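> Compute the structure for the input listed below.
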Amino acid sequence: MKKLIVLAMVPLMALSGVAQAESSAAKKELVTKLLQLQQPGIETAARALAERPAAVMVQQAGLALQARVTLDKREAVAKDMQADLKKYLDEAVPLVTERALKLAPSTVGALIEEKFSEQELKELIAIIESPVNRKFVALGGDMQKALVEKLVAETQDVINPKVKLLEQSLSKRLGITPAKSPAIK
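Down below sits the predicted model:
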């Protein structure tokens, strides 16, 4: 009797394995689709990562330019620095972006596959692809602009004097003449 039950279960177990493999393949396809939908975000993160060291260096170089380069040579040096920055960004951004897109399936994709069920992935993709979500995302720039404009209007009278004091303090410490304050606008 036990042998009959075991023998009857073998095909069921085999079918279960096939269903799991099909489900796993379907889940992998959903993860791939989700990663494709998230590609702009991945590219933006990669760009920010590649630009970060350049932004810090440009800021430091700008201070050094003001402090160490004579007025008659500043424009030419600044132009050369801009060319160096452009060359770095032209090389680094595509390289980091390409690498991010290659790493995404084994990092982000693996995490998504582990943490989300197939049904949850279907629901998530439906949300991301929905016209309402697309409209909301498209409105992002306008929402940010509206917030920043209002924020600047409400804080510039308080922040600009602080910026000026900071600039004067830093200039004094560096022994340089302060340039025009970069007021919040």
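
> residues of the helix or strand containing Q144 that come out buried?
For Q144, the enclosing helix or strand under DSSP states H and E is helix 140-174. By neighbour count, with 16 or more other Cβ atoms under 10 Å as the criterion, the buried positions of helix 140-174 are 160, 167, 171. Using the backbone N, CA and C atoms, a C-beta is placed for each residue, glycine as well.

> can you tell me how far Q82 sits from L89?
As defined by Cβ to Cβ, to the nearest Å, Q82 lies at a distance of 11 Å from L89.

> what about the helices in the chain?
When secondary structure is read from DSSP state H, the chain shows helices at 2-37, 39-68, 71-103, 110-115, 118-129, 131-138, 140-174.

> residue closest to the middle of this protein?
For the chain, A45 is the residue whose C-alpha lies nearest the centre (Cα atoms, centre = their mean; 2.1 Å).

> returning to what we had before: relative to L147, which of the buried residues of helix 140-174 is nearest.
Here the nearest of the buried residues of helix 140-174 to L147, counting by Cβ to Cβ, is N160; it sits at 18.9 Å.

> measure the closest one to L166 for me?
According to Cβ to Cβ, N160 stands 11 Å off from L166.
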